[in-house]
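J.: coords below, sequence missing:
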């Protein structure tokens with residue numbers, strides 16, 4: 001059972017990671033888990049509150065990403081030379097450290113402890129100054145060393161001499177050249193000579209154009225200068241490498257301080273990510289307690305639009321809001337489909353996980369959440385083709401696991417308890433599961449449609465009903481939880497508003513809510529006059545306790561029933577046998593079915609008069625004719641044949 005995924009806690013962690021700057025902190029956000037320590041959870045919440053306060057007072061903190069810095073330090077560890085752009089990353093990090101230190105110094109005025117993390121940051125000003133002097137715009141600057149400055153000055157002078165000589169050749173013999181500018185090929189200065197004039201320009205052929213029509217020739221007059229320029233470039237590269245090795249070694253001397261800065265900034269990045277998420281969700285800090293009481297005031301699910309979401313007021317673990325006594329450990333939520341029951345479950349569970357993880361929750365600050373060692377849930381149908389699990393099997397698998405793990409410090413959330421199977425057995429299982437949860441003394445919130453569960457909750461100490469409000473005028477759910485009242489699915493009311501005939505609605509209501517069926521009394525004949533009172537007392541049977549009526553015996557011939565799982569309508573043509581099987585006629589076909597698959601729809605007493613001849617419904621025309629003849633006289637050759645499960649002549 002993946003509670004974090006079911007309650008969408010993993011989505012909250014993804015949002016948290018998006019608020020972080022560095023990859024390491026993003027991973028840390030995704031691995032955040034609820035704390036089982038009250039002090040630790042409260043400390044985390046307080047840090048989130050402080051971080052949020054600092055952001056609101058001073059703006060977004062100047063945090064660096066630090067990924068490139070980690071790579072640079074890794075190269076230093078293996079004695080590699082840092083390139084200018086990598087040294088630039090180190091410099092950028094040090095600049096961020098300086099800015100962050102100033103940011104937190106300003107935040108100290110607010111008196112928050114998080115602001116004093118700035119004292120742990122060392123901006124390494126001397127190192128930053130040296131790196132800034134030597135590396136400019138991602139390259140080694142001329143001023144990095146006197147030698148490099150001199151070499152680059154000579155290189156510039158040599159390039160200018162070569163360019164002047166080549167420009168002079170171009171101007172004197174324009175017809176020899178395909179272009180009017182000097183071209184650098186393979187690191188050497190050349191002239192673009194037309195193929196037919198290549199012998200007119202003495203020198204070295206350096207390259208050819210793609211078509212072969214142009215020859216790039218280094219004139220002999222500049223060959224010596226090009227050679228000297230090449231030597232100067234080698235000296236330049238050597239000096240730059242010396243400077244880069246020197247800067248790499250210098251950075252290496254400060255690795256301990258750099259790593260402490262990284263650790264401090266990653267800690268701050270995580271704290272400020274929580275503060276940013278709180279601002280984004282318009283969330284608040286709430287109280288935590290170990291007194292097993294949760295109270296949510298104007299709470300909402302973080303994934304719902306703030307403008308559209310209806311605030312949730314919820315309480316469990318406190319005194320009964322109706323009677324004022326008995327600590328409430330269980331809440332049974334009922335109401336219409338799509339009315340918000342499942343969202344209520346997820347909101348209670350998700351906000352509990354968030355608060356114990358040190359995150360603010362979208363609720364009023366007056367809310368309080370109790371510490372739980374486990375949040376266990378069964379929400380969704382959980383069907384699995386791969387594991388060959390039906391909806392009911394999945395529910396049972398999850399609930400068995402919940403019952404094994406739950407104790408008096410757990411929070412249990414069960415959606416549509418008892419659904420997915422025979423209604424009678426599902427209701428019985430639901431009651432038994434609720435009894436087990438009460439025995440474990442855990443806090444639990446359960447949603448259901450069973451009216452028997454509502455009655456159970458009304459009578460069971462420690463459990464309270466709650467309903468999702470429904471607007472009977474607009475036929476729309478209000479998504480508002482009301483404690484202390486049992487709700488209805490409102491299906492019948494919706495059907496009435498949409499024009500369903502009243503006689504059908506009456507029958508539906510009686511079938512759904514089980515109005516007591518009328519029973520016919522059997523007259524008892526008086527004893528004959530010759531029997532004296534004494535004799536009557538002698539022959540009177542001893543008084544016996546009333547026998548328990550089995551469910552299968554409550555069905556009468558002519559009852560309209562619903563057959564599960566197909567939900568087909570049928571008529572009882574035969575009372576239950578010793579195996580509890582009922583004779584049910586469905587679309588003219590007679591079948592023997594277990595009473596567990598059958599639910600009363602409309603009793604026979606509501607469908608037919610007292611003296612109704614059911615052979616009209618259940619017999620074929622031939623059967624009825626044959627029975628009519630036999631009732632009058634014996635006629636040779638007339639036979640009524642009755643087969644198991646069906647009748648035929």
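T.: Yes, it's here. These numbers were taken from a predicted model, which means no experiment stands behind them.
J.: all the helices of the stretch 101-250 of the chain, residue numbers only.
T.: Assigned helices in the stretch 101-250 of the chain, in chain order: 125-134, 146-172, 220-253 (criterion: DSSP state H, counting those that start in this stretch).
J.: make that the stretch 401-550 of the chain, sorry
T.: Under DSSP H, counting those that start in this stretch, the stretch 401-550 of the chain gives helices at 423-440, 451-459, 491-497, 502-513, 533-539.
J.: wait, which of these is closest to residue 171?
T.: Nearest to residue 171 among these is helix 491-497; the distance by CB to CB comes to 95.8 Å. In this view, the C-beta of every residue, glycine as well, is placed from N, C-alpha and C.
J.: ok, and what's touching stretch 214-229?
T.: 155, 158-159, 161-162, 165-166, 169, 178-179, 183, 185, 188-195, 198, 201-209 (CB atoms under 8 Å, 6 or more residues apart in numbering).
J.: returning to that earlier point: where among the helices of the stretch 401-550 of the chain is average confidence lowest?
T.: Note on those: lowest mean pLDDT is at helix 533-539, with a mean of 33.
J.: still on that earlier bit, can you put the helices of the stretch 101-250 of the chain in CSV and add mean neighbour count?
T.: CSV is the format used below for these (neighbours: other CB atoms under 10 Å):
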stretch, mean neighbour count
helix 125-134, 16
helix 146-172, 14
helix 220-253, 16
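J.: adding distance to residue 61 and mean pLDDT, write the ones you listed out as a markdown table.
T.: Formatted as a markdown table, those follow (distance: least, CB to CB, whole Å; pLDDT from 0 to 100):
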| stretch | distance to residue 61 | mean pLDDT |
| --- | --- | --- |
| helix 125-134 | 19 | 96 |
| helix 146-172 | 38 | 87 |
| helix 220-253 | 25 | 91 |
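J.: need those in TSV (columns: distance to residue 421).
T.: What follows is the helices of the stretch 101-250 of the chain, written out as TSV (distance: least, CB to CB, whole Å):
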stretch	distance to residue 421
helix 125-134	70
helix 146-172	84
helix 220-253	69
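J.: which one of those helices lies closest to residue 414?
T.: helix 220-253 (58.3 Å).
J.: now the closest one, how far from the centre of its chain.
T.: Computed by CA atoms, centre = their mean, to the nearest Å, the chain-centroid distance of helix 220-253 equals 58 Å.
J.: next, the angle helix 125-134 makes with that helix.
T.: Here the directions of helix 220-253 and helix 125-134 differ by 170 degrees (axes from the mean of the first three to the mean of the last three CA atoms, to 10 degrees).
J.: and residue 325, what pLDDT?
T.: 54.
J.: any of the contacts of stretch 214-229 buried? List them.
T.: 155, 158-159, 162, 166, 169, 183, 188-194, 198, 201, 203, 206 (16 or more other CB atoms under 10 Å).
J.: picking up where we left off before, nearest to residue 501 among the helices of the stretch 101-250 of the chain would be which one?
T.: helix 125-134 (85.2 Å).
J.: which elements pack onto that closest one?
T.: helix 84-107, helix 220-253 (3 or more CB pairs under 8 Å, 6 or more residues apart in numbering; DSSP states H and E).
J.: present those helices as TSV; the columns should include distance to residue 492.
T.: TSV is the format used below for the helices and strands packed on helix 125-134 (distance: least, CB to CB, whole Å):
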stretch	distance to residue 492
helix 84-107	61
helix 220-253	77
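J.: ok, residue 84 - contacts?
T.: Residue 84 neighbours (CB under 8 Å, 6+ apart): 135, 138, 139, 140, 244.
J.: name the nearest of those residues relative to residue 605.
T.: For the contacts of residue 84, the residue nearest residue 605 by CB to CB is residue 138; the value is 93.8 Å.
J.: angles on the backbone of that closest one, please.
T.: phi 70, psi 20 (degrees, to the nearest 10).
J.: I figured it hits residue 85, correct?
T.: Yes. The pair residue 138 / residue 85 is scored as a contact, 5.0 Å apart, by CB atoms under 8 Å.
J.: pretty sure residue 88 is touching residue 138, no?
T.: Yes. Counting by CB under 8 Å, residue 88 touches residue 138, with 5.5 Å between them.
J.: comparing the two, which shows the higher neighbour count?
T.: residue 88 (20 against 11; other CB atoms under 10 Å).
J.: quick one: pLDDT of the more buried one?
T.: At residue 88, pLDDT is 95.
J.: how far away is it from residue 141?
T.: Look at residue 88 and residue 141: by CB to CB, to the nearest Å, they are 12 Å apart.
J.: domains of the protein?
T.: 3-124+254-281, 144-246, 287-497, 552-648 (automatic domain parsing).
J.: and of those, who's closest to residue 507?
T.: domain 552-648 (4.8 Å).
J.: what pLDDT, on average, does the closest one get?
T.: 75.
J.: what does stretch 340-349 give?
T.: 91.
J.: how far is that stretch from where the chain is centred?
T.: The answer for stretch 340-349 is 12 Å, by CA atoms, centre = their mean.
J.: returning to that earlier point: who touches both of residue 88 and residue 141?
T.: residue 135.
J.: list the buried residues for the helix or strand hosting residue 40?
T.: Here residue 40 sits within helix 38-58, counting by DSSP states H and E. For helix 38-58, a neighbour-count test (16+ other CB under 10 Å) marks 41-42, 44-45, 47-55 as buried.
J.: among the helices and strands packed on helix 125-134, which is nearest residue 370?
T.: Of the helices and strands packed on helix 125-134, nearest to residue 370 by CB to CB is helix 84-107, at 32.8 Å.
J.: any idea of the angle that closest one forms with helix 38-58?
T.: 100 degrees.
J.: can you give me the buried ones in stretch 277-296?
T.: 277-278, 281, 283-286, 288, 292-296.
J.: out of the residues you listed, which two sit at the greatest distance?
T.: 277 and 292, at 27.7 Å, using CB to CB across the buried residues of stretch 277-296.
J.: what residues are up against residue 348?
T.: 294, 296, 314, 316, 411, 413, 445.
J.: who is the second one paired with across the strands?
T.: Residue 296 forms beta bridges with residue 314, as assigned by DSSP bridges.
J.: please report how far it lies from residue 348.
T.: Noted for residue 296: a distance of 7 Å to residue 348, by CB to CB.
J.: residues bridging contact with those two, i.e. touching both?
T.: With CB under 8 Å, 6+ apart, residue 296 and residue 348 have common neighbours residue 314.
J.: so what's residue 236 up against?
T.: Residue 236 neighbours (CB under 8 Å, 6+ apart): 148, 151, 152, 155.
J.: you'd agree the first one is up against residue 237?
T.: This means residue 148. No. Judged on CB under 8 Å, residue 148 makes no contact with residue 237 at a distance of 10.3 Å.
J.: shaky segments in the stretch 251-400 of the chain?
T.: 319-326, 336-339, 381-391 (pLDDT under 70).
J.: repeat the analysis, applying 90 as the threshold.
T.: 291, 304-311, 317-328, 334-342, 379-398 (pLDDT under 90).
J.: could you pull out the strands for it?
T.: Counting by DSSP state E, counting those that start in this stretch, the stretch 251-400 of the chain has strands at residues 287-289, 294-299, 312-316, 330-334, 368-370, 374-378.
J.: point out the most buried one among the ones you listed.
T.: strand 330-334 (a mean of 24; mean count of other CB atoms under 10 Å).
J.: partner strands of that one and their direction?
T.: When pairing is defined by DSSP bridges, strand 330-334 lines up against strand 443-447 (parallel), strand 463-471 (parallel).
J.: let me know the closest of the buried residues of stretch 277-296 to residue 398.
T.: Set against residue 398, the nearest of the buried residues of stretch 277-296 by CB to CB is residue 294 (22.0 Å).
J.: returning to what we had before: now the strands of the stretch 251-400 of the chain as JSON lines including distance to residue 360?
T.: As requested, those are arranged in JSON lines below (distance: least, CB to CB, whole Å):
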{"stretch": "strand 287-289", "distance to residue 360": "12"}
{"stretch": "strand 294-299", "distance to residue 360": "12"}
{"stretch": "strand 312-316", "distance to residue 360": "16"}
{"stretch": "strand 330-334", "distance to residue 360": "24"}
{"stretch": "strand 368-370", "distance to residue 360": "12"}
{"stretch": "strand 374-378", "distance to residue 360": "18"}
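J.: brilliant, that's me finished.
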